[in-house]
Structure formats: C-alpha cells, structure tokens
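Chemist: Give me a 3D structure for the following:
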Amino acid sequence: MLRRATNIPTEMFRTVIAIAEAGSMSKAADVLNLSQPAISAQVKRLQRYIGGELFIRTASGTNPTELGKLVLQQARRIIDANDQVLRLGGSERPSVCRLGVSQFFAEPLFDMIGKAGLSDIFVIGEHSSEIRRGLVERFIDVACLFMHEADGHEIEDLIVDEFKFETSWVKARDFVTRPGAPIPIITLPEDNWIIEPLERMKVAYQVVLRSSDSAVRASALRAGLGVTAMPSVFVPPGLVISRDSYLPVLAARRAVVCIREGWTATNVQHLAGQLSELLEDLGTVISESESLTDNR
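Modeler: The predicted structure is shown next:
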C-alpha cells in the first residue's frame, strides 16, 4: 500500500505558483531556472500526493483546475510563512518584492526607477483586473493600477494612495464615422466605464475589437478601426483626443497604489512611495495632452 505523504517539499509549491503566474510550464521553467521535464515531474509528484489534477491546458495557456486553485491558495500561504521565518534569521539575501503594474504605468515606471531601482523586484505588467486578482490571491505585494467605482471593493482596505486621471475618447487623426452607422468601439476587459456612458446617451455603437493588450488596441486605433477611451496622459503617438459631440463625457479614472495585507517590509513601503510619486508626476502633465486634441 502506498504510504501517504506527511511532508511536501516547498519547491513543489514554488513550482505550482510559478506555473499559475507565468501561464505555462515552459515559462515557469525559465523563471525558476529549471528544465521543463523537471517542472513537469514536480507537478506530477505533487498531484500524486494530493490525488487530483492541478492544471489544465487551454487555448489561453495552462490554467489551474478548481482543485489547483485551492492548492495555490495554501501554497502561497506556506511560501509566505517560509520566507518570513527565513527573514527572522536576518538573511543577507533580501526577499524579492512582487510588483504589479497596470500596462499604462509600466513604461513611465521603468523610466523613473531604472534598472538599479528594480533589482530584487519581480514585475508583473498586466491589465488592471489581473493586478487586482494578484492582490486578492496574495501573489502581488505592492501594486499600481486603475480601479472603477463598481469594481475592486475587495482591495479597498489595501489602498495607501490614490489619484484621479482625466479620461478622453481617442482615435486616429483621420478617423471619421460613416453617417448613420454605429460608432465602432475598441474596448478592453471590464469595459463598463466605456460602454455605460454610451448607453446612457442612447448612442448607437458596435464593439469591433476587445483586447487586454494596450499595444493591440493602439494598433487598431491607428488602423482606423474605431475609437476607444483611456486616460488622456497616455494617448500614444499618432493618435488624438476626440471632442466629437456624439461621444459622451467620461468620468475621471481612479488610479491607486496598494500594499498587500500585512506586508510592512521597508522595501515594499519605499516602493509604494515611489509609485505615489510616479502617479503624482503623471497627473501634473494632464493639461499637456490638450495639444493632442482633435477639434474638428
């Protein structure tokens, strides 16, 4: 009879966390500096201990099963506890801080902090909904993201600073709508803040593209596929702010800095302060975006 395991090596937990965060075993292997067969073997061994499948392969990548999600929750707690115990001994090697940033903030963050400032920091650049999930599931320590009034209540207690960003409709300079046709809209996940103002004004629209990738949306805009909305300060080159009367006024976006619950490490607090400075600096240049306005 097979003896039931009484101890699970922590490296197995680190492996499943890496797979969940990276989205595939091959990417997790790169992160952990292991071979893909070694990663696969660890997963299979852990599955034998637990008695079920932890991951499933889909078109979007390798995703945790329902059992896998439960294991991940416990794995993150175990790894957190393990790392905290190591820090009690005054380990000379500083722990890696996991920073989550909304895609729009990534480039100005890199410009501001630079390579040296990001040492011992693992950066996760994703759509704000993914950053918020990372805070809830405790695989992100400090974050800078956009929030909507209707979303994100689960992280309200984690907010340490917030700012407002003017939001505008954006299009290619030569974009024109066809008379009588619905307005083509380029949008993103959790797009209620874009769609609801259109519906309140009873504006006819058609979603022609939805993507969580800001570069994909920018490419679609430059190609003239439609219009979208974004914080005015982040309008990409080659695009303009639209003041067309058929488009509704948009509410300002809420940008927040968050720290994971119970995380008081000095490096995390310092990084959160830098994120606040970044948001404040970006907010001071909002008025400069007026020069990109299309007043036709």
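Chemist: contacting residues around stretch 255-262?
Modeler: Residues outside stretch 255-262 that contact it (Cβ atoms under 8 Å, 6 or more residues apart in numbering) are 102, 105, 135, 138, 140-147, 155, 157-165, 231, 268-269, 272, 275-276, 279. Where you see a C-beta, it was placed from the backbone N, CA and C, and this is true even at glycine.
Chemist: Mark which of the residues you listed are buried, thanks.
Modeler: Buried subset of the contacts of stretch 255-262 (neighbour count, 16 or more other Cβ atoms under 10 Å): 102, 105, 135, 138, 140-147, 155, 158-159, 161, 163, 165, 231, 268, 272, 275-276, 279.
Chemist: Which of these fall within strands?
Modeler: Those of those mapping onto strands are 102, 142-147, 159, 161, 163, 165, 231, per DSSP state E.
Chemist: Return the closest of these with respect to R243.
Modeler: P231 (16.2 Å; Cβ to Cβ).
Chemist: so who does the closest one touch?
Modeler: Taking Cβ under 8 Å, 6+ apart, we find P231 in contact with 104, 146, 165-168, 253, 255.
Chemist: quick one: it from A204, how far?
Modeler: Using Cβ to Cβ, to the nearest Å, one gets 26 Å for the distance from P231 to A204.
Chemist: What of L32?
Modeler: Applying Cβ to Cβ, the value for L32 to A204 is 51 Å.
Chemist: okay, those two: which has more neighbours?
Modeler: More crowded of L32 and A204, by other Cβ atoms under 10 Å: L32, with 18 against 10.
Chemist: Name the nearest residue to that one, ignoring sequence neighbours.
Modeler: Distances taken as Cβ to Cβ, 6 or more residues apart in numbering place A18 nearest to L32, at 5.4 Å, with adjacent residues excluded.
Chemist: again with L188
Modeler: Per Cβ to Cβ, 6+ apart, closest to L188 is S212, 5.8 Å.
Chemist: again, but for A22
Modeler: Going by Cβ to Cβ, 6+ apart, A22 has A28 as its nearest residue, at 4.6 Å.
Chemist: Quick check: which helices or strands does the host helix or strand of that neighbour pack against?
Modeler: Assigned by DSSP states H and E, A28 belongs to helix 25-32. On a contact count with 3 or more Cβ pairs under 8 Å, 6 or more residues apart in numbering; DSSP states H and E, helix 25-32 meets helix 10-22, helix 36-50.
Chemist: I'd like to know which of the ones you listed is closest to I121.
Modeler: Closest among these, using Cβ to Cβ: helix 10-22, at 14.5 Å.
Chemist: on that earlier part again, for the contacts of P231, give me CSV that also has pLDDT and distance to V96.
Modeler: CSV is the format used below for the contacts of P231 (pLDDT from 0 to 100; distance: Cβ to Cβ, whole Å):
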residue, pLDDT, distance to V96
F104, 91, 24
F146, 92, 25
F165, 93, 29
E166, 92, 35
T167, 93, 34
S168, 95, 37
R253, 90, 30
A255, 93, 25
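Chemist: Before I go, just wanted to say thanks for your time.
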